[in-house]
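Visitor: Give me a 3D structure for the following:
(chains A and B)
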There are 2 protein chains.
Amino acid sequence: MIGTTHLAYEPLTESSAAAFASQLGIFEEGAILASNEIGDGNLNLVFRITDKQTGKSIILKQALPYAKVVGESWPLTLQRAKIESEALKIFGKMCPDLVPAVYFSDEQMAITAMEDLSSLSIARTGFIQGKTYPLLSSHLGQYLAKTLFYTSDYGLGTDKKRLLVKEFTNPELCKITEDLIFTDPFFDSATNSFEEELRSEVEKIWSDEELKFHASLLKKSFLTETEALLHGDLHTGSIFASENETKVIDPEFAFYGPAGFDIGQVFANLAFQVIVNEKDRDTFLGHIGTTWTTFVAEFTTLWKTENKEIHSIGEQLLSFNLQKFFTDALGFAGCEMIRRTIGLAHVADLDTVEDKLRRIETKKQAISIGKMLIKDREEIKTISDFLSVLHEFVG
Amino acid sequence: MIGTTHLAYEPLTESSAAAFASQLGIFEEGAILASNEIGDGNLNLVFRITDKQTGKSIILKQALPYAKVVGESWPLTLQRAKIESEALKIFGKMCPDLVPAVYFSDEQMAITAMEDLSSLSIARTGFIQGKTYPLLSSHLGQYLAKTLFYTSDYGLGTDKKRLLVKEFTNPELCKITEDLIFTDPFFDSATNSFEEELRSEVEKIWSDEELKFHASLLKKSFLTETEALLHGDLHTGSIFASENETKVIDPEFAFYGPAGFDIGQVFANLAFQVIVNEKDRDTFLGHIGTTWTTFVAEFTTLWKTENKEIHSIGEQLLSFNLQKFFTDALGFAGCEMIRRTIGLAHVADLDTVEDKLRRIETKKQAISIGKMLIKDREEIKTISDFLSVLHEFVG
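Guide: From the prediction side, this is the model:
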């Protein structure tokens, strides 16, 4: 591997990406490499580099110094490439089967070379096409339990954890979440985007002082609680899936936050399918249930067998933590459901419902469920309660 | 100022301290300086440097690469000198009248040159000698409100706050607090130290699962909540006082933690005087009350007038935060009262009670109050409730 470090940043092209990849010691010397840019260009360049002879392939991902969301563009530091590659390495150690392997990373060039997952599909896209991925939720429960336990004070020890909190200081991407999830949707902000037919529902949100108070509590939790190293953007567009495999990608929003945030984003993005997918509704309710029950079983085992806080292994503290994660997750899920319906960044699950009346109806359901989860999260004590309530809202 | 930076660390002597001070541009050129080491040598060297002619004086404080507590010695990085000088500068900007002025600091040499406060006394020492410092608690209420508000997400803005959290990562000194306040006193740890007459009380602590559960919750809050930049060691030995003045010193334990921690240490250390000082009991109950009411009044003004989170200025979030700070403060005060009675580092308030029977009695009261505050902190809703309960325990 020559000449790949200490390079000044410049965006790769398909041909320079191939040249770069050939120097990484991943492909045979002299291999003829095909290079295709396959990203959506909003935040990153994504190249698939393939050895034409053997078919072996990798992904080369490079951060761009700006973000584009729905036509808007703003500058972003390249530091997020380092956050992403370091987070992939850490999460990959904890659950190697559920995270793409990282072969190489370079901070200056903001590049990560990683496993090519092209044989899998983005879960959200698959859902919309009618796939349900039977193992997805038990995999996600495992992923959540392992990443959230092993990066906590209990799994890592308090000293090492404090250093990781420092390493994963991520103000720029956290600010995006703060604004787009916790603030803008609850006020008449320029970033909001919704059909005129939803205006009366949206104005009710803006004038609901109790709802806004609860959203500000959830925002406070996001800003001040360093329970675990989070993925930070764990929606179903950050998950590759097939019938047998699940891989969690794109942790560039990683930071230390409340454990319930990652869990809540999974809940919310599965709940969109509960709303729109009448045919597979029970399957997706089942996915939500399995995510949580798998999480609890695995987290409990880790708590009891690998706890670094030897004086904290009592059942009472475990139960307290699990209940807190659940309550927080419901609240964060509520925020995610509202912002994905009326905020800046929507989800295709709702936006691709073709019949307009039906689409507005599903969006109203998403808003109602979101409000209920934010305000009544303390009342919903168990996963069965949650599933019953969801069923009621869409039934 | 010549030659003071980029020096390799070495501990100063009285004569090298004078030579160092003469280069700082603080004294007139050619001034003849007297130098006296006045520290207790446990963590730091403390020199008073005086211009023999003008009487002008400063303090030169230098961190030592180890800590001595009750005869034990362990290594400590010098980074804490930087934490201390940076925290003094930050807190000093917020409340210049309540924090010693910093004239100079050097990270390599682990030195801070600061205002000489020799005209004041350490508050704890003054209390034991019968002083009560009438303005102490209104000053402390102001100090707590300003430092805890201006360093919070609300006072500082979320971006700047995330960077300060990173800067004030302080794992080594936080670990001391974690062990000595939240863990060791609740288990039969080698660091504990108590009179044999207290053994049955202490063994009751070790077998009280509910108490230990609540202590583990408070520890979790200490480990995971980044509400504000704390002093981190705000007992009455870190406060200089006179009839008119109050100065908060020694923030080498500074880190981002739960706001109630600093408030709770003030409560607990004033409560020791409520226990031992029958003559001035009402004065010290008054000090606790005034600390809290001044804090609430000042914090409320700052919240309403200087809130950077423009969408969070509502009364409901303010009330929630104040109630949370109060509840947390009671719990942290309880931990402080127990650890100062049976843990590694005691307080002179209790240890200097000469009559042994009376001393054991006061220590039992401190333990009982501590347990009650930890377990029943949610039940004690107001400052009047707290003062009544305290009065009942010692009455």
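Visitor: Quick check: the nearest residue to residue A:257 once chain neighbours are set aside vs residue A:151, distance?
Guide: Spatially, and ignoring its direct neighbours in sequence, residue A:257 is nearest to residue A:230 (4.7 Å; Cβ to Cβ, 6 or more residues apart in numbering or on different chains). Heads up, the C-betas are built off the backbone N, CA and C, glycines and all. According to Cβ to Cβ, to the nearest Å, residue A:230 and residue A:151 sit 8 Å apart.
Visitor: Please compare those two by neighbour count and tell me which comes out ahead.
Guide: residue A:230 (30 against 27; other Cβ atoms under 10 Å in any protein chain shown).
Visitor: my guess is that one contacts residue A:248, does it?
Guide: No - the pair residue A:230 / residue A:248 is not scored as a contact, 11.6 Å apart, by Cβ atoms under 8 Å.
Visitor: What ranges does the stretch 51-200 of chain A have for its helices?
Guide: For the stretch 51-200 of chain A, the helices defined by DSSP state H, counting those that start in this stretch occupy A:79-94, A:123-128, A:136-150, A:153-156, A:158-167, A:171-177, A:199-206.
Visitor: Show the average pLDDT along the shortest one.
Guide: Confidence over helix A:153-156 (mean pLDDT, whole number) is 97.
Visitor: Give the other helices and strands that it contacts.
Guide: helix B:209-224 (3 or more Cβ pairs under 8 Å, 6 or more residues apart in numbering or on different chains; DSSP states H and E).
Visitor: List the buried residues of the helix it packs on.
Guide: Neighbour counts over helix B:209-224 (16 or more other Cβ atoms under 10 Å in any protein chain shown) mark B:211-224 as buried.
Visitor: Residues of the stretch 51-200 of chain A that sit close to chain B?
Guide: Counting by Cβ under 8 Å from any Cβ of the partner chain, the residues of the stretch 51-200 of chain A close to chain B are A:153, A:158-159, A:161-163, A:165-166, A:169-171, A:174-175, A:178, A:183, A:186-187.
Visitor: Any of those residues buried? List them.
Guide: Using 16+ other Cβ under 10 Å, the buried ones in those are A:153, A:158, A:161-162, A:165, A:169-171, A:174, A:178, A:183, A:186.
Visitor: Any chance of a markdown table for those residues, columns distance to residue A:303?
Guide: Listed next are these as a markdown table, based on distance: Cβ to Cβ, whole Å:
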| residue | distance to residue A:303 |
| --- | --- |
| A:153 | 12 |
| A:158 | 16 |
| A:161 | 15 |
| A:162 | 20 |
| A:165 | 20 |
| A:169 | 27 |
| A:170 | 27 |
| A:171 | 31 |
| A:174 | 27 |
| A:178 | 30 |
| A:183 | 34 |
| A:186 | 35 |
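Visitor: rewinding a little: what touches both of residue A:230 and residue A:151?
Guide: Listed as contacting both residue A:230 and residue A:151 by Cβ atoms under 8 Å, 6 or more residues apart in numbering or on different chains are residue A:256.
Visitor: Farthest pair within the buried residues of helix B:209-224?
Guide: B:211 and B:224 (20.6 Å; Cβ to Cβ).
Visitor: need the contact list for residue A:188.
Guide: residue A:206.
Visitor: and what of residue A:57?
Guide: Per Cβ under 8 Å, 6+ apart, neighbours of residue A:57: A:48-51, A:116, A:118.
Visitor: now do residue A:259
Guide: A:148, A:152, A:227-228, A:230, A:325, A:328.
Visitor: How about residue A:74?
Guide: A:66-67.
Visitor: Also residue A:173?
Guide: Contacts of residue A:173 (Cβ under 8 Å, 6+ apart): A:76, A:80, A:83, A:232, A:252-253, A:255.
Visitor: what's the next secondary structure element after the host helix or strand of residue A:330?
Guide: In the assignment (DSSP states H and E), residue A:330 maps to helix A:315-342. Note on helix A:315-342: by DSSP H and E, the next helix or strand toward the C-terminus is helix A:348-351.
Visitor: Just the buried positions in that following helix, please.
Guide: Buried residues in helix A:348-351 (16+ other Cβ under 10 Å): A:348-350.
Visitor: roughly how far is stretch A:323-338 from the heart of the chain?
Guide: 14 Å (Cα atoms, centre = their mean, to the nearest Å).
Visitor: contacting residues around the nearest residue to residue A:235 once chain neighbours are set aside?
Guide: Residue nearest to residue A:235 in three dimensions, not counting chain neighbours: residue A:269, with 4.5 Å by Cβ to Cβ, 6+ apart. Neighbouring residues of residue A:269 by Cβ under 8 Å, 6+ apart: A:124, A:235-236, A:336, A:340, A:347, A:349.
Visitor: Helix or strand for residue A:269, just tell me which one.
Guide: helix A:260-276.
Visitor: Quick check: the farthest pair among the contacts of residue A:57?
Guide: Across the contacts of residue A:57 (Cβ to Cβ), the longest gap, 14.0 Å, separates A:51 and A:118.
Visitor: More neighbours: these two, which one.
Guide: Neighbour totals were compared for residue A:51 and residue A:118, and residue A:51 leads with 18 against 12 (other Cβ under 10 Å).
Visitor: quick revisit: what's the closest of the contacts of residue A:269 to residue A:141?
Guide: residue A:236 (14.8 Å).
Visitor: Please tell me I have it right and the closest one contacts residue A:124.
Guide: Yes - shown here, residue A:236 and residue A:124 form a contact pair, counting by Cβ under 8 Å, at 4.0 Å.
Visitor: Give me the more crowded residue out of the two.
Guide: residue A:236 (26 against 20).
Visitor: From residue A:207, how far off is the more buried one?
Guide: 31 Å.
Visitor: re the thing from before, check whether the helix holding residue A:330 comes into contact with chain B.
Guide: Yes - against chain B, helix A:315-342 shows contacts by Cβ under 8 Å from any Cβ at A:316-317, A:320.
Visitor: Ranking by neighbours, what's the top pick from the residues you listed?
Guide: Greatest neighbour count in these, by other Cβ under 10 Å, goes to residue A:317: 22 neighbours.
Visitor: Might you report the residue contacts of that one?
Guide: Contacts of residue A:317 by Cβ under 8 Å, 6+ apart are B:213, B:216-217, B:220.
Visitor: Give me the number of neighbouring residues for the nearest residue to residue A:147 once chain neighbours are set aside.
Guide: Nearest-residue entry for residue A:147: residue A:91, 5.2 Å, with adjacent residues in sequence omitted and distances by Cβ to Cβ, 6+ apart. Other residues lying near residue A:91 total 23 when counted by other Cβ under 10 Å.
Visitor: Can you name the residues that contact residue A:91?
Guide: Residue A:91 neighbours (Cβ under 8 Å, 6+ apart): A:98-99, A:143, A:147, A:231, A:248, A:251.
Visitor: pLDDT and neighbour count for these - can I get that in CSV?
Guide: Formatted as CSV, these follow (pLDDT from 0 to 100; neighbours: other Cβ atoms under 10 Å in any protein chain shown):
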residue, pLDDT, neighbour count
A:98, 98, 21
A:99, 98, 26
A:143, 98, 28
A:147, 98, 28
A:231, 98, 29
A:248, 98, 26
A:251, 97, 27
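Visitor: Model confidence score at residue A:39, please.
Guide: In this model, residue A:39 carries a pLDDT of 88.
Visitor: what does residue A:113 give?
Guide: At residue A:113, pLDDT is 97.
Visitor: The one 5 residues further on now?
Guide: At residue A:118, the pLDDT value in this model is 92.
Visitor: for residue A:312, same thing?
Guide: 67.
Visitor: Next: residue A:78.
Guide: The model's pLDDT for residue A:78 equals 89.
Visitor: how near is the closest residue to residue A:146 other than its chain neighbours to residue A:302?
Guide: What sits nearest to residue A:146 in space, not counting adjacent residues and going by Cβ to Cβ, 6+ apart, is residue A:94, at 4.4 Å. Separation of residue A:94 from residue A:302 (Cβ to Cβ) stands at 10 Å.
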